[in-house]
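Asker: compute the structure for the input listed below.
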Amino acid sequence: MLKKYSFLILTVLITCSFHSPCHMRHEEPVKTVNSEIGINREDVIAFAKKYLGTNYRPAGIDPANGFDCSGFVYFVFKNFRIDLPRSSAEYKTLGTALKPEEFSVGDVLVFYGYADSSRIGHVGIICEANGMKSRFIHSSSGKSYGI
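Answerer: A predicted model of the protein is given here:
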């Protein structure tokens, strides 16, 4: 599913540049992102869009059975040999916070929860960068239920 949000729900965006490693908030080097293979961000989105209509499945990482939000992001980037966290909670210490005007296609969007603003509640991939009117692709457990 592609979503368009025009209100401030996003609090952190992490970007895994395909030309340089992600920046950690800690001083540890990133070991999971293969940044030396020169991937085109549009190719990532084109691959992700192949799965539009795929069902939502809790803890899902397989298109035949369905995806949860982090399983979908994990699956998409794994296709490009980029290892990202399997669980949305693991994104908390990965990446760099950006302002909406800095969003780029292919960035991983991280949402913090409504009830607990310190806990990550959802992730997706920016497919159209346009500040707070950016669109992203994700697997939803909500009303639309799926990619």
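Asker: which parts of the top helix by length along the chain are buried?
Answerer: Criterion DSSP state H: the longest helix present in the chain is helix 69-79. For helix 69-79, a neighbour-count test (16 or more other C-beta atoms under 10 Å) marks 69-77 as buried. For every residue, glycine as well, the C-beta is placed using N, CA and C.
Asker: what do you get for stretch 80-95?
Answerer: So, applying 16+ other C-beta under 10 Å, buried residues of stretch 80-95: 82, 84-86, 88, 91-92, 94-95.
Asker: do stretch 56-67 as well
Answerer: Buried residues in stretch 56-67 (16+ other C-beta under 10 Å): 56-57, 60-61, 66-67.
Asker: show me the residues you listed that map onto strands.
Answerer: 61, 66-67 (DSSP state E).
Asker: now, which of these sits nearest Asp116?
Answerer: Relative to Asp116, the closest of those is Phe67; by C-beta to C-beta it sits at 23.2 Å.
Asker: contact partners for Ser54?
Answerer: Heads up, residue 54 is Thr, not Ser. Shown in contact with Thr54 (C-beta atoms under 8 Å, 6 or more residues apart in numbering): 63, 66-67, 72, 139, 146-147.
Asker: and these as JSON lines, adding distance to Ile39 and pLDDT?
Answerer: Shown next, in JSON lines, are the contacts of Thr54 (distance: C-beta to C-beta, whole Å; pLDDT from 0 to 100):
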{"residue": "Pro63", "distance to Ile39": "20", "pLDDT": "95"}
{"residue": "Gly66", "distance to Ile39": "25", "pLDDT": "94"}
{"residue": "Phe67", "distance to Ile39": "20", "pLDDT": "95"}
{"residue": "Phe72", "distance to Ile39": "17", "pLDDT": "97"}
{"residue": "Ser139", "distance to Ile39": "21", "pLDDT": "92"}
{"residue": "Gly146", "distance to Ile39": "25", "pLDDT": "81"}
{"residue": "Ile147", "distance to Ile39": "20", "pLDDT": "82"}
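Asker: so what's His138 closest to, chain neighbours aside?
Answerer: Setting aside the residues directly before and after it, His138 is nearest to Gly124 in space (C-beta to C-beta, 6 or more residues apart in numbering), at 3.1 Å.
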